[in-house]
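Asks: Could you look at this predicted model? Sequence included:
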Amino acid sequence: MIASSWNGPAIELQRLCRDFGSTRAVNDVSFTVPPGGVFGYIGPNGAGKTTSMRILATLELPTSGDAFIQGLSAINDPDRVRGRLGFMPDGFGTYGDTNCAEYLDFFARSYGVIGRDRTRRLRRVMEFTGLDQLAYKPIRGLSKGMKQRLCLGRALIHDPAVLILDEPAAGLDPRARIELRQMIRALAAEGKTILISSHILTELAEMCDSVGIIERGCLLATGTVEEIRRQLRKTRNILVRILGDVAPAVKLLQPHPAVDQLEGERGLIRFHLHGGDDVQVELLRILTDARIDVLDYATVDESLEDVFLQITQGHVQ
Amino acid sequence: MNPNQPHPLTRDPEQDGFWGWIDRASVWAGGWLNPILIKEARQALKSKQFVITFFLLLASSWLWTVLGIVTLSPDVYYMPSGEDMLQGYYFVLALPLLGMVPLVAHRSLAAEIDDGTFEMLAITKLSSMRIVLGKLNSALLQMMIYFAAVVPGLAFSYLLRGVNMPTLVMMVIVVFFTALLMTTAALMIATLASHRAWQAFALLAVLGCVLFAQFLCAGVCLGGIVGQDAGSMPESWLYVGVFGLVGSGCMVLFVKAAAARIAPVTENRSTGLRWCMFTLQLLWIFAMMLIPMHYANHTPDAYVDAEPINFAMMILAGFWLIMGALMLAESPELSPRVQRTLPSTFLGRMFRMWFNPGPGTGYMFALCSGVAAFATMAVFSSSAAFLNIYQSPSTHPVAMALLMSGYLIFYLSAVRIVCLVLGRWLGRSFVLSIATLAFVLFGSAVLPSVGSVLLTGDLPQAYSPLELPNWMWTLDEAFSRGIGLSAAMLVFLLGAMLWVLNSLLLAREFSYRRIAEPTQLRMEKQSEALV
């Protein structure tokens, strides 16, 4: 890993735009990822995730704007950026007639890892990705999951500080997905900065410190999942569990101006609440003052999928 | 190979003693080899194509040995038969070297781009030059292996007498050199076609080059070298040396062009190529002056024949027209990365500005280099005339220099104006530039004839100054009956007028100034320097 005195963000996109003919694939996207952070990049197909990741990986040029890895421009200093970056693309070509060990050895040499460092890195990466058992196996005989492991191994072979993973779990079976998630968690624990895109939002929510939601090239929201929820939250989902009949409670809550879309049946009442904590407390007080037996009174968090669906509109470019 | 054992690549060499030392030394040395060469060697050793080619070559070599002896018997026992045997071995060596190796190198690089493996290579620390050199090195390795299979046959020819060692060596050098030249050209062509549709044309171009090289090399080696026993003639070595020098320049140009094509667009991909073109021009001038001077010193008449120098000027004009047209396709925008390396001193700006990337600087670079070369050659010929050791050519060298300068300036300026207009709709590309050049050259060649048919109803019967735009007829006239100074001056003036029009559009590119490096980059470089 290249030693760096850089204290700023590990990844930074500055007003990035990329046009393909008349289509604007990435439109004025800016965000930062701090060192050691795991950033989830979410968006429907064709939203511009892969394009912005490829720009960061020095494979594409933006129409305008800049992308930085540890303070160095991916556009103007790609040769310096490449040493600090591991990129795992969505689709990638391999040399079918080489075996896993030869493939990783070739990339270690290509990244300038030589001598004992190379053998040590090879051992470490093959052990980490579980490829040590498949060292002699030709790449053309590998399953999709194994190829993904190999690609991750290739991205890690030079011990980069920043990892860009484009849909690493796409097309994997549940076991392979869980194993891949464990690997990514382990990498995050090692302090690597990770930018990851995925369609499996529940997994991203568990792994990521922050997320960015992109649609039609525009970044619609960034921050932690909780921050985005808060930005979106005009109403709260409240769930009340009542001992006995819900009708008196419904009768009490229904007329309140802060209550919306109220539903009550079999001891459960759900409604949307307009207002802050004070209104939520006031409603609880109304119920308890009316001697209604409240078993549970809670705010129900929206999942990342709910947030995603609320923010995006399903437009495809 | 036991799958339960750790792979040898993951183990450090731990063995003691001499073999352990050899093992450690080879691992250490392997660390410094080009990774592409290692990968390609591993792949080649496993590939059926390589194994089949090698054994086919080995079998052909043995088969020819047996067949040759049978057909040449009984003379082979008491007459020198080496030359006849060598002709067979030539084909056994030349077919894979001039045919298979360039094609394999071309496919190898084209497949990297096609299969998406190139992107994975592009994000490593390998520079584009190292990628191309890795492919070239692996082609060279293949050539050496194929050559090794034919060496016993060549040695056998020598032992049969009838062919001497210098001739044999010269033949091998020419075959190897031509194969290398073809391989570099094939690599460059591979980088030109990124789409599948173009790749078919690229492959056709390589096949064409390979066939032409086979034909040419067979003629030179069998008819010229082996047939004339050229190895024993110092003049032949002079020709091999001179054309080897120019050919080496071409090889470097092809390799640099291939590397530039696959390098990131923010990189300075032009300056190195321009230095290479400039060096190639110097080598060409040197070669074209050396040969007449050699003859001047080694013939009883002791004169300098200026006709080859006029011919050299014509070749150079064609070279700068093509190179100039290619440079017109460069982007006029300089990336911050390039701007950081621009010359900052007055002298630097004065002399090195022409090497900065951009179509305007490229246009001026081609014109200045071409005109300077024509002037140098004209001065050389004129000084030989002054010393009275000169054989007058059909066209006076000064007139030829003016004519070539005029054509170069006129056509390149016209191409630049057309490209500036068309580029607004079609975008800049080297295909557009070359197509425009071809159109302008063809158009100007047929224009006088079209005019004549329209005005008189008949094609012109004899050359007249009205045919000056027809460069083909004018050049034919220049090398047969000669062109006068006034006609050459007229072409030069026409070119100069178009240049004045073009120069008004050049100002922007010359206004670029050096910019400072970003702080983080500067700090990194400082810390690297300390380490």
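Replies: Okay, I see it. Since we're looking at a predicted model, the values are computed, not measured. Numbering: from 1, shown residues only, chains lettered A, B, ... in the order given.
Asks: where in the stretch 1-150 of chain A is pLDDT low?
Replies: A:1-5 (pLDDT under 70).
Asks: Equivalent analysis for chain B, please.
Replies: B:1-3, B:297-304, B:385-392.
Asks: mind listing the strands for it?
Replies: Under the criterion DSSP state E, chain B carries strands at the ranges B:304-305, B:390-391.
Asks: Tell me how the chain divides into domains.
Replies: Because you didn't say which chain, this covers chain A. A:11-223, A:234-301 (automatic domain parsing).
Asks: could you do chain B instead?
Replies: Taken from automatic domain parsing, chain B resolves into B:34-232, B:305-515.
Asks: now for those domains, which one comes closest to chain A?
Replies: Evaluated over the domains of chain B, closeness to chain A peaks at domain B:34-232, with 3.3 Å, by Cβ to the nearest Cβ. Using the backbone N, CA and C atoms, a C-beta is placed for each residue, glycine as well.
Asks: end to end, how far does the closest one reach?
Replies: 39 Å (Cα to Cα, to the nearest Å).
Asks: Stretch A:205-222 too?
Replies: First-to-last residue span, stretch A:205-222, Cα to Cα: 13 Å.
Asks: Which helix in chain A has the most residues?
Replies: For chain A, the longest helix by residue count, based on DSSP state H, is helix A:174-189.
Asks: Any idea how many residues pack against B:Arg107?
Replies: 17 (other Cβ atoms under 10 Å in any protein chain shown).
Asks: Oh, that last question was meant for B:Ala148, not what I typed.
Replies: 12.
Asks: same question, A:Asp159
Replies: Should you count by other Cβ under 10 Å, A:Asp159 turns out to have 18 residues around it.
Asks: does it sit in a helix, a strand or a coil?
Replies: With DSSP: H, G, I helix; E, B strand; the rest coil as the basis, A:Asp159 sits in coil.
Asks: Please tell me how far it sits from A:Leu187.
Replies: 11 Å (Cβ to Cβ, to the nearest Å).
Asks: so B:Met100 touches B:Thr53, yeah?
Replies: Yes - proximity of B:Met100 to B:Thr53 meets the contact threshold set by Cβ atoms under 8 Å, at 5.8 Å.
Asks: Give me the common contacts of those two.
Replies: The contact sets of B:Met100 and B:Thr53 overlap at B:Tyr146 (Cβ atoms under 8 Å, 6 or more residues apart in numbering or on different chains).
Asks: how many other residues sit next to B:Glu235?
Replies: Residues near B:Glu235, counting by other Cβ under 10 Å: 12.
Asks: Find the residue closest to it in space, skipping its chain neighbours.
Replies: B:His294 (7.5 Å; Cβ to Cβ, 6 or more residues apart in numbering or on different chains).
Asks: That neighbour contacts B:Leu238, doesn't it?
Replies: Yes - using Cβ under 8 Å, B:His294 is in contact with B:Leu238, at 6.1 Å.
Asks: So what does B:Ser127 have for phi and psi?
Replies: Main-chain torsions, B:Ser127, degrees, to the nearest 10: phi -80, psi 160.
Asks: out of the domains of chain A, deepest packed?
Replies: domain A:11-223 (a mean of 20; mean count of other Cβ atoms under 10 Å in any protein chain shown).
Asks: measure that domain end to end?
Replies: End-to-end for domain A:11-223, by Cα to Cα: 14 Å.
Asks: which stretch among the domains of chain A comes nearest chain B?
Replies: The nearest among the domains of chain A, by Cβ to the nearest Cβ, is domain A:11-223 at 3.3 Å.
Asks: quick one: the closest one to chain centroid distance?
Replies: 12 Å (Cα atoms, centre = their mean, to the nearest Å).
Asks: got it, and stretch B:248-255?
Replies: The answer for stretch B:248-255 is 4 Å, by Cα atoms, centre = their mean.
Asks: Run through who's touching stretch A:212-229.
Replies: A:18, A:24-31, A:39-44, A:47-49, A:52, A:205, A:208-211, A:231-232, A:301-302, A:304, A:307-308, A:311-313, A:315-317.
Asks: Now the terminal residues of it, how far apart.
Replies: Start-to-end, stretch A:212-229 (Cα to Cα) is 12 Å.
Asks: Next, name the residue at the spatial heart of chain A.
Replies: Per Cα atoms, centre = their mean, the C-alpha nearest to the average position across chain A is that of A:Gly40, at 1.8 Å.
Asks: Next, it: phi, psi?
Replies: phi -90, psi 130.
Asks: beta partners for it?
Replies: A:Ile196, A:Val211 (DSSP bridges).
Asks: OK, contacts around it?
Replies: A:Ile196, A:Ser197, A:Ser198, A:Leu204, A:Ala205, A:Met207, A:Cys208, A:Ser210, A:Val211, A:Gly212.
Asks: To which secondary structure element is the closest residue to A:Leu16 other than its chain neighbours assigned?
Replies: Nearest in space to A:Leu16, with sequence neighbours left out and distances taken as Cβ to Cβ, 6+ apart, is A:Gly65 at 3.8 Å. Using DSSP states H and E, A:Gly65 falls within strand A:64-69.
Asks: Just the angle for the helix or strand containing A:Val29 relative to strand A:64-69, thanks.
Replies: Element membership for A:Val29, per DSSP H and E: strand A:23-33. Inter-element angle recorded for strand A:23-33 and strand A:64-69: 40 degrees (by axes from the mean of the first three to the mean of the last three Cα atoms, to 10 degrees).
Asks: Name the surrounding residues that touch strand A:23-33.
Replies: Contacts of strand A:23-33 (Cβ under 8 Å, 6+ apart): A:9-19, A:39, A:48, A:51-52, A:55, A:62, A:65, A:193, A:195, A:210, A:212, A:214, A:216-219, A:222, A:317.
Asks: again with stretch A:76-85
Replies: So stretch A:76-85 is contacted by A:1-2, A:4, A:56-58, A:66, A:69-70, A:72-74, A:111-112, A:158, A:160-164, B:123-125, B:127, B:264, B:266, B:335-337, B:518, B:521, B:524 (Cβ under 8 Å, 6+ apart).
Asks: picking up where we left off before, so which of the contacts of A:Gly40 comes closest to B:Asp458?
Replies: Among the contacts of A:Gly40, A:Ser197 lies closest to B:Asp458 (Cβ to Cβ), at 72.1 Å.
Asks: hang on, isn't the closest one packed against A:Ser52?
Replies: No - using Cβ under 8 Å, A:Ser197 is not in contact with A:Ser52; the gap is 9.3 Å.
Asks: Mutual contacts of these two, please.
Replies: What both A:Ser197 and A:Ser52 touch, as defined by Cβ under 8 Å, 6+ apart, is the set A:Tyr41.
Asks: The closest residue to B:Val252 other than its chain neighbours: how many residues sit nearby?
Replies: Spatial nearest neighbour of B:Val252, excluding adjacent residues (Cβ to Cβ, 6+ apart): B:Cys276 at 5.5 Å. If you count neighbours by other Cβ under 10 Å, B:Cys276 ends up with 19.
Asks: what do you get for B:Ser382?
Replies: 16.
Asks: Tell me who's in contact with it.
Replies: B:Pro397, B:Val398.
Asks: And B:Trp198, by the same measure?
Replies: Contacts of B:Trp198 by Cβ under 8 Å, 6+ apart are B:Leu192.
Asks: If we use 10 Å, what do you get?
Replies: B:Leu192, B:Val431 (Cβ atoms under 10 Å, 6 or more residues apart in numbering or on different chains).
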